[in-house]
Every structure is written in structure tokens, then in C-alpha cells.
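S.K.: Give the three-dimensional model of this entry:
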Amino acid sequence: MDLGLWGKAVFVTGASSNIGRATAAAFGAEGARVAIGYHSAKDEAEHTAELVERGGGRAMTVRMDLGDQASVEAAAAEVAGAFGGVDVLVNNAVAWPGFPAPGEVFETVPVERMRASLDANLFGHYLLTRAVVGSMRARTWGRIVHVSTGLVQDGLPGASPYVTPKSGLHGLTRTMSRELASAGILTNLVMAGFVVGERDLPAEMIAKASAAAATGRTTAAAEVARLIVFLCSEANGNVTGELIRADGHFLAPL
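M.R.: Just a heads-up that it's a prediction; the model follows:
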């Protein structure tokens, strides 16, 4: 199937590994021009760029700090300058807020940690989307996907600094869909499950995660990537405002 992505300008954040890397590579296989956003793993981002170009696409890398407005806006301008605008945005990056202290609950989370996570994992995505959507409006075509987690729907004790900003993306997706669809811009959200990816995780943890999914296994990064690429393609002509789980109906046991 021709997804109509040849030559499209795509910006994937958090693309130096895992879901972001698989997504960037999948866009490359469709002949897209892909900007690979990263925070600190420059070498890994360059490896992703090699995968994109090996698959038939063009690639560039761009450093950004989602918690810094100037950095976000500079990254958006750099990509737009190189590609002449942005057709597709995948907000995949996450600034991990850290694991909770023993016995930590939402009211004992350090305020600074919660605020930093909100800035990076919600406000940063908002700022980047705001910075690139103008070129989509000008072309009367665009696709945006936010990557979130099913924990927003299910909850997980001790995870409020992670889940709270992710939940904001759900509301943002619904609102953006209503505001942007008339301009030819479709906005959706994908909830990824427990993705092992390139991480070296204990076998016991992987076994527990597999048992927690209705499918009895963890999710592959490439599976999430294929869904994202479809939602961001010409093949998707009328799916917008949807919050889609790609996690094998996973319920966190960890």
C-alpha cells in the first residue's frame, strides 16, 4: 500500500531509541524526510538517521530540550528551515521523572519534580506542536500523533509525575482535533504498552509484563511504529481525535 508519504517532512521527537527510532525508520522506508529529535544521545540519534537513509528516506538530527521553551522553538525552526515546513509531527519524547521514593504518593511528590515533568512532558509538546502547525495550515494538510500510555486510563500508584502530564495530552488531542480537522490536519494519540525495545530488562519483569497483557506478550516498538505511520499518512483520511491503545490490553502489575 502506498501511504503517500514520499517526500513528506516528518519530525519525530525522542527518536534516538525504542519507539521513536522504529517510527523514524518506518517513515524512512516510505521515502519521507525525517527529522530525528533527541536530547542527549547524539550518537544514537545519528544511528537512527542511518536507518532512515538506509530505508530510502532522508534524515537530519536535531537536539532539543522539551523543558526549555527556547530550545523547543529553535528545534522547530531548524527543521522547518531544512525541510521547508513540517507535514507530520510525532510527539514521542518523554523526560522520565524518576522512580518514586518508598511510600511516595501523589501528595508527597516533590513539587519541583512534578513541575519539571509537566513542563517537559506536556507543555513542551504543546510548544512544539504550536510551533509547527502553521506550516500544516498553510498546506491544508498535516498529521499529528501524541504518544502516551494506557496508565492514564488505568492509573498506577506512585506514578503521578509521569501519568499527569500524559493525561494532559489526551485532552489536548481531543481539542486539537476539533480545531484543526477543518484545515486538513488530523490529530490522534497512541497509547503504547510495555515495550521492551532495546532495553536490557530483567527476565522476571518481562514475564510479569507479558502476563499482564490480554495477548500474553509485550509490545514490539515496530508494532507501535506501524500504527503511528498509518495515522500520519494519506491512507488515513478521516481518523482524528482518537485515543488508541496499542498495548495488547495491558494492565500494569509492576
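S.K.: residue ranges with poor pLDDT in the protein?
M.R.: Scanning the chain with the threshold set as pLDDT under 70 gives 197-200, 252-254.
S.K.: so where's the longest helix in it?
M.R.: Longest helix in the chain, counting residues (DSSP state H): helix 160-180.
S.K.: Tell me which residues of that one come out buried.
M.R.: Neighbour-count burial for helix 160-180, counted by 16 or more other Cβ atoms under 10 Å, picks out 160-170, 172-174, 176-177, 180. Where you see a C-beta, it was placed from the backbone N, CA and C, and this is true even at glycine.
S.K.: Could you check how far that helix is from the centre of its chain?
M.R.: A distance of 12 Å separates the centroid of the chain from that of helix 160-180, by Cα atoms, centre = their mean, to the nearest Å.
S.K.: same for it, what does it pack against?
M.R.: Here helix 160-180 touches helix 111-118, helix 124-139, strand 142-149, helix 151-154, strand 185-192, strand 243-246, going by 3 or more Cβ pairs under 8 Å, 6 or more residues apart in numbering; DSSP states H and E.
S.K.: ok, and what's touching the fifth one?
M.R.: Read it as strand 185-192. Strand 185-192 is contacted from outside by 19, 133, 136-137, 141-150, 152-153, 169-170, 173, 176-177, 180-181, 219, 224, 227-228, 231, 236, 238-247, using Cβ atoms under 8 Å, 6 or more residues apart in numbering.
S.K.: how many degrees apart are that strand and strand 142-149 in direction?
M.R.: Angle, strand 185-192 to strand 142-149, by axes from the mean of the first three to the mean of the last three Cα atoms, to 10 degrees: 20 degrees.
S.K.: what about stretch 103-122, start to end distance?
M.R.: The straight-line separation of the ends of stretch 103-122 (Cα to Cα, to the nearest Å) is 26 Å.
S.K.: If you count neighbours, what's buried in that stretch?
M.R.: E104, V109, M114, A116, S117, L118, D119, A120, N121, L122.
S.K.: Same list (those residues) but as a markdown table, adding distance to A212.
M.R.: Shown next, in a markdown table, are these (distance: Cβ to Cβ, whole Å):
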| residue | distance to A212 |
| --- | --- |
| E104 | 22 |
| V109 | 24 |
| M114 | 26 |
| A116 | 29 |
| S117 | 24 |
| L118 | 27 |
| D119 | 30 |
| A120 | 27 |
| N121 | 23 |
| L122 | 26 |
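S.K.: ok, of the residues you listed, which one's closest to F27?
M.R.: Nearest to F27 among the buried residues of stretch 103-122, counting by Cβ to Cβ, is N121 at 22.6 Å.
S.K.: so what's the residue nearest to that closest one when sequence neighbours are not counted up against?
M.R.: Among residues not flanking N121 along the chain, P165 sits closest, at 3.7 Å (Cβ to Cβ, 6 or more residues apart in numbering). By Cβ under 8 Å, 6+ apart, P165 lies in contact with S117, L118, A120, N121, L122.
S.K.: same question, A203
M.R.: So A203 contacts nothing (Cβ under 8 Å, 6+ apart).
S.K.: ok, now V90?
M.R.: V10, F11, V12, T13, G20, T23, I144, V145, V147, I228, C232.
S.K.: residues near N18, how many?
M.R.: Counted with other Cβ atoms under 10 Å, residues neighbouring N18 total 19.
S.K.: Please tell me I have it right and it contacts V195.
M.R.: Yes - applying Cβ atoms under 8 Å, one finds N18 in contact with V195, separated by 6.2 Å.
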